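# Got a predicted structure here, sequence first:
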Amino acid sequence: MEFKLEVVVVPVTDVDRAKAFYADKVGFPVDLDAAPREGFRVVQMTPQGSGCSVTIGTGLSEMAPGSLKGLQLCVADIEAAHDLLEGRGVPVTPVRHHDGTEFVDGRSDDDWNSFFFFDDPDGNSWAVQESPTMRAATTG
């Protein structure tokens with residue numbers, strides 16, 4: 001039996017502000033923005049290459065805005081992803097390497113150990129991790 005994660009609901013206070021952040025700054029394409037009835041709005045965005053969408057809106061969840069922590073994106077090139085988001089105005093941390101004990105600043109050549117982090121305007125927290133499998137797929 002397969003279980004595929006296809007949607008993550010991210011709790012936000014201001015849907016338009018969050019949509020602008022995720023679509024315009026982070027670069028998630030908007031798949032849907034619909035308000036079929038009063039008190040309910042859904043904005044679904046799917047990061048390029050992802051099988052899982054990010055959904056924000058009203059009437060979707062009882063989670064407190066900013067309470068979602070530990071969301072993670074994987075990229076082929078951590079430095080390029082960092083530079084892209086920083087250039088779009090996303091408040092990112094420096095690239096950090098986990099040495100097996102703790103995070104240290106700087107670049108790593110070890111697999112799966114390079115990260116940077118950012119929060120959305122409500123404080124929902126994201127990690128971006130370099131994936132050697134994605135890197136291998138992009139280099140042939």
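Alright, I've got the coordinates.
# pLDDT score for residue 106?
The model reports residue 106 with a pLDDT of 65.
# What helices and strands are in contact with the longest helix seen in the chain?
For the chain, the helix with the greatest residue count under DSSP state H is helix 78-87. Packing contacts for helix 78-87, counted by 3 or more C-beta pairs under 8 Å, 6 or more residues apart in numbering; DSSP states H and E, involve strand 114-119, strand 125-130. Glycine gets a C-beta too; all of them are placed from N, C-alpha and C.
# export it as CSV, just CAs?
Written as CSV, here are the backbone C-alpha positions of helix 78-87 (Å, rounded to 0.1, in the frame of the first residue of the first chain):
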residue,chain,number,x,y,z
ILE,A,78,22.3,24.6,-1.7
GLU,A,79,24.3,27.7,-2.6
ALA,A,80,22.2,28.4,-5.7
ALA,A,81,19.0,27.9,-3.8
HIS,A,82,20.3,30.2,-1.0
ASP,A,83,21.3,32.9,-3.4
LEU,A,84,18.0,32.7,-5.3
LEU,A,85,15.8,33.1,-2.2
GLU,A,86,18.1,35.7,-0.6
GLY,A,87,17.9,37.6,-3.9
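# follow-up on the earlier one: right, so of the helices and strands packed on helix 78-87, which gets closest to residue 47?
Shortest distance between residue 47 and these, using C-beta to C-beta, is found for strand 125-130: 10.7 Å.
# elements contacting that closest one?
Strand 125-130 packs on strand 71-75, helix 78-87, strand 114-119, going by 3+ C-beta pairs under 8 Å, 6+ apart.
# Of those, flag the one that's most buried.
For the helices and strands packed on strand 125-130, the largest average neighbour count (mean count of other C-beta atoms under 10 Å) is found in strand 114-119, namely a mean of 20.
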